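*Asks:* Fold the following.
(chains A, B and C)
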Amino acid sequence: MLELRLVQGSLLKKVLEAIRELVNDANFDCSATGFSLQAMDSSHVALVALLLRSEGFEHYRCDRNLSMGMNLNNMAKMLRCAGNDDIITLKADDGSDTVTFMFESPNQDKIADFEMKLMDIDSEHLGIPDAEYQAIVKMPAAEFARICKDLSSIGDTVVISVTKEGVKFSTAGDIGTANIVCRQNKTVDKPEEATIIEMQEPVSLTFALRYMNSFTKATPLSETVTISLSSELPVVVEYKIAEMGYIRFYLAPKIEEDEEDMKS
Amino acid sequence: MLELRLVQGSLLKKVLEAIRELVNDANFDCSATGFSLQAMDSSHVALVALLLRSEGFEHYRCDRNLSMGMNLNNMAKMLRCAGNDDIITLKADDGSDTVTFMFESPNQDKIADFEMKLMDIDSEHLGIPDAEYQAIVKMPAAEFARICKDLSSIGDTVVISVTKEGVKFSTAGDIGTANIVCRQNKTVDKPEEATIIEMQEPVSLTFALRYMNSFTKATPLSETVTISLSSELPVVVEYKIAEMGYIRFYLAPKIEEDEEDMKS
Amino acid sequence: MLELRLVQGSLLKKVLEAIRELVNDANFDCSATGFSLQAMDSSHVALVALLLRSEGFEHYRCDRNLSMGMNLNNMAKMLRCAGNDDIITLKADDGSDTVTFMFESPNQDKIADFEMKLMDIDSEHLGIPDAEYQAIVKMPAAEFARICKDLSSIGDTVVISVTKEGVKFSTAGDIGTANIVCRQNKTVDKPEEATIIEMQEPVSLTFALRYMNSFTKATPLSETVTISLSSELPVVVEYKIAEMGYIRFYLAPKIEEDEEDMKS
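*Replies:* Coordinates of the predicted model:
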């Protein structure tokens, strides 16, 4: 028997909106630790890892480890029927091939339950080793989303270059080139508006903007985003979910012969 | 000679938006009693009845009964040119084949008149007998609209089941099933947020969601909606128009062999 | 060397949105006087003239007269990447075939530079002689935009008729006819809401609504619009740009055999 009650139900709605553009079908794994997901995008280029820790739920009962295969578009359709202030409870009986989402309005006058069929999905869980990164950039999530969107109107890839002074996002396309520099800034009024750079050594890597733009669908989940970069590793774009966990997106850098042209 | 002056002109704009999805062409009937319309939808499944009583107009002159055939999309195009605070006057000369809509801005600086050709439309006026209903549900109009929209993302039909405790809306489709229960609640701060059930006996009926969704286009006209149900009668979905009259939508229940499957 | 620094960068964004629907490619001319543009629309029916005077820039350096050919859609793409509060600086080196747009966020934490290739565009500068107009109408820009949009849902052309009492906009189409009269009104609380008519003699001219609607894309630039009309001249639709200059649109009246029919 599984029963997870989340008072801030809108959070689960945002999680689904954050990942359903990248992933169609995926297994949600429930254990005593929490509710988690790990999935490759449909073209097997990017990886998503979600964790919602059990402590973040008002009520969390998970009698035995359970892996539930869901179609994320169908799940998003059902979650969109929850009001933004609704309490969401996720329920599954042992051995059942369905999962039930229950939505309670704040005043308890409206109770909805949506039952969805589960799917059998083959998946292997990748071990993601902890790693040291050459540079870690923490910046406002909305700013990062705006930059990825803006650069997409010019080019297809972004070069992210980190120095002690700041982080530079560059692109080039048929109509011209663009460079956007965000300076390190720790002394802002609100900590969530800071841009903070932890750097071991300068790094400059190229990524497909298409995926970066998909990752920024998680922007409503967090005020800040953390981008961890190393020459030999996939970038990690992480959105913390307050008091519960995180969504992390992994993407390998592009190795391009003409990459040097773009480092202006 | 016909001359109807409506200070709250935005109301006529909302009436048109409420019915033009269902009905293409219809006769508006003017008499000493008021301005009314009765029309079947284009597939002859649903019926709309509108009444705007003469007392609700600032000025109401109707020398003789008049039936004016109008294309509702063209009429809506013209009414959309009226500002939301404009006074709307509807004029027609006896024997004329046109109708004029006059829009006056509140400060009288802008006066527009739009003249539209009338059409000959065959129609028979159905007598709708007063009936006793097994159950009458009064609930917030926005809540009803949200439920119909949400269920449409899952299935094509809705089962509306009324008991003393509340009203349940259910559907089923390829991706799963959904049940939404609204509990009776008379003790809310604002009367328009109440859900009130008057029930002679429990009733459970199935309707096409497509029509229910069309009916909810009338939501901007009223804070509340009244749904009257009986096993042998079309459902009536009524939106009152403050101090003037109503829009009522009628729809026959579906008689389905598999209806029982959905009563979970 | 050219370097123009505009603190109110959103103004340049609005200028581009105002003209890019009409004009694809155009030369921007820079001189000691200011930054200007003159271009025919792609079907050679309407003319746009823009002037931003040098005094309106925070910093204006233009060592020698320069004509820079730009694709306005590409330029608009780049300017859309500027924040609404950003300071925009336009730079070009002598003899360079590129122009650079630099965007600085108000707190200087984010600096972007976008480089765009210039184009060779043949164009002849038309001398536009000063003229006496039979009637000049000054009215709220949003009101004029609303009228052009509303009339477009009925017909393709607008007859603008000016008398001492007011200005009338008329159209006719398959579904009927429309007349909108705006009365002269100088005694409003806010001067930008006034409708003021300076008339030598009554005038009535017909124009294509399609172009009028394109002109109204400049509405965000100015609270008021000035429409100057004479029988033998193109109409001038002018939007003043506060303390900097103007955008003027010129359009020849239609000479139609059936024009009389519409003067009702």
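
*Asks:* Could you measure from residue A:66 over to chain B?
*Replies:* Distance of residue A:66 to chain B, given as Cβ to the nearest Cβ, to the nearest Å: 18 Å. For glycine as for every other residue, the C-beta is placed from the backbone atoms N, C-alpha and C.

*Asks:* separation between the closest residue to that residue other than its chain neighbours and chain B?
*Replies:* What sits nearest to residue A:66 in space, not counting adjacent residues and going by Cβ to Cβ, 6 or more residues apart in numbering or on different chains, is residue A:30, at 4.6 Å. In this view, residue A:30 and chain B are 19 Å apart by Cβ to the nearest Cβ.

*Asks:* what do you get for residue A:72?
*Replies:* Taking Cβ to the nearest Cβ, one finds residue A:72 at 12 Å from chain B.

*Asks:* could you list every residue that touches that residue?
*Replies:* By Cβ atoms under 8 Å, 6 or more residues apart in numbering or on different chains, the contact set of residue A:72 is A:16, A:19-20, A:23-26.

*Asks:* are any of the residues you listed buried, and which?
*Replies:* A:16, A:19-20, A:23, A:25-26 (16 or more other Cβ atoms under 10 Å in any protein chain shown).

*Asks:* Please report how far the spatially closest residue to residue A:242 that is not a sequence neighbour lies from residue A:248.
*Replies:* In space, and not counting its chain neighbours, residue A:242 is closest to residue A:222: 7.5 Å by Cβ to Cβ, 6+ apart. Per Cβ to Cβ, to the nearest Å, residue A:222 is found 12 Å from residue A:248.

*Asks:* list residues touching both of these two?
*Replies:* By Cβ under 8 Å, 6+ apart, the residues touching both residue A:222 and residue A:248 are residue A:239.

*Asks:* tell me the domain ranges of chain A?
*Replies:* A:2-117, A:135-251 (automatic domain parsing).

*Asks:* can you list these in CSV and add mean pLDDT?
*Replies:* Formatted as CSV, the domains of chain A follow (pLDDT from 0 to 100):
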stretch, mean pLDDT
domain A:2-117, 95
domain A:135-251, 96
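
*Asks:* Touching, the residue nearest to residue A:242 and residue A:240? I think so.
*Replies:* Yes: counting by Cβ atoms under 8 Å, residue A:222 touches residue A:240, with 5.3 Å between them.

*Asks:* Compare the two and say which one has the larger neighbour count.
*Replies:* residue A:222 (21 against 17; other Cβ atoms under 10 Å in any protein chain shown).

*Asks:* Am I right that residue A:187 sits in a helix?
*Replies:* No: counting by DSSP: H, G, I helix; E, B strand; the rest coil, residue A:187 is not found in a helix; it is coil.

*Asks:* quick one: contacts for it?
*Replies:* Counting by Cβ under 8 Å, 6+ apart, residue A:187 has contacts residue A:194.

*Asks:* Now do the contacts for residue A:67.
*Replies:* By Cβ under 8 Å, 6+ apart, the neighbours of residue A:67 are A:27-30.

*Asks:* Now with 6 Å, please.
*Replies:* A:27, A:29 (Cβ atoms under 6 Å, 6 or more residues apart in numbering or on different chains).

*Asks:* Secondary structure of it: a strand, I assume?
*Replies:* Yes: assessed with three-state DSSP, residue A:67 lies in a strand.

*Asks:* if I look at it, how far off is residue A:37?
*Replies:* For residue A:67, the distance to residue A:37 equals 10 Å [Cβ to Cβ].

*Asks:* How about the stretch 1-150 of chain A, which of its residues are in the neighbourhood of chain C?
*Replies:* By Cβ under 6 Å from any Cβ of the partner chain, the residues of the stretch 1-150 of chain A that approach chain C are residue A:150.

*Asks:* repeat for the stretch 151-264 of chain A
*Replies:* Close to chain C, as judged by Cβ under 6 Å from any Cβ, the stretch 151-264 of chain A has residues A:153, A:175-183, A:185.

*Asks:* ok, 10 Å please
*Replies:* A:151-154, A:166, A:168-185, A:188, A:193-195, A:264 (Cβ under 10 Å from any Cβ of the partner chain).

*Asks:* Now stretch A:43-61 - C-alpha only, CSV.
*Replies:* Extracted in CSV, the C-alpha atoms of stretch A:43-61 (Å, rounded to 0.1, in the frame of the first residue of the first chain):
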residue,chain,number,x,y,z
SER,A,43,16.3,10.8,-28.0
HIS,A,44,18.6,9.4,-25.2
VAL,A,45,20.6,12.6,-25.0
ALA,A,46,19.6,14.1,-21.7
LEU,A,47,18.9,12.6,-18.3
VAL,A,48,16.3,13.8,-15.7
ALA,A,49,16.6,12.9,-12.0
LEU,A,50,13.8,13.9,-9.6
LEU,A,51,13.7,13.4,-5.9
LEU,A,52,10.9,14.3,-3.5
ARG,A,53,12.0,13.2,0.0
SER,A,54,9.5,11.4,2.2
GLU,A,55,9.9,14.1,5.0
GLY,A,56,8.4,16.7,2.6
PHE,A,57,5.0,14.9,2.5
GLU,A,58,2.4,15.5,5.1
HIS,A,59,1.8,11.8,5.2
TYR,A,60,4.0,9.2,3.5
ARG,A,61,3.3,5.5,3.6
